[in-house]
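J.: got a sequence here, can you model it:
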Amino acid sequence: MTELKIGDKAPGFCLLDKDEKKVCLDDYRGKWVILYFYPKDYTSGCTLEAIDFTRHLDQFLELNAIVLGVSPDSCSSHRGFAEKYGLKIRLLSDPDHKVAMDYKVWRLKKRYGREYYGIVRTTYLIDPKGDIAYIWRNVKVKGHVEEVKNKLAELLGK
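T.: Residues are numbered from 1 along each chain as shown. Next comes the predicted model:
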């Protein structure tokens, strides 16, 4: 499996959000896109990450950036998750893992001696032309949103 790298064209996609509205990467041409992949709604790390992105959303918007979170969960799961935690970021449903596979984040994982396929927590920063500007792989949630914000500000020369 060939990894995506900085400078590559970001794979295009269209997915449904929590309200079952179609969201396409091309809709955000001209803006920075923070595309983060997470394993599952309601789990501790994923909840903390989504809350942290929501907490910093206004700062990202000031930097001409939007935040899209992608997981295999259903639109209705995303709706409940967003309502329960007051999430303002857009959560997209990728139930067949196609976009996760295109971004090389659907991988064989091992936990407690059991192997299974799942999302490896990864964030892509996509520039306004649609190219990958930066990648965080195997993300640790604590401090991650701050790292993304700092990298975006650095790339913008701010």
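J.: quick check: buried residues in the helix or strand of the chain with the lowest mean pLDDT?
T.: When the helices and strands of the chain are scored by mean pLDDT, DSSP states H and E, strand 106-111 comes last with a mean of 87. Neighbour-count burial for strand 106-111, with 16 or more other Cβ atoms under 10 Å as criterion, is recorded at Trp106. C-beta: built from backbone N, CA, C; applies to glycine.
J.: same deal with stretch 9-21?
T.: In stretch 9-21, counting by 16+ other Cβ under 10 Å, buried: 10-11, 13, 15-18.
J.: ok, the residues you listed vs Phe81, which is closest?
T.: Checking those against Phe81 with Cβ to Cβ, the nearest one is Lys18 at 7.8 Å.
J.: Ser74 is in contact with the closest one, correct?
T.: No - using Cβ atoms under 8 Å, Lys18 is not in contact with Ser74, being 9.3 Å away.
J.: identify the contacts common to these two.
T.: Shared contacts of Lys18 and Ser74 (Cβ atoms under 8 Å, 6 or more residues apart in numbering): Ser93.
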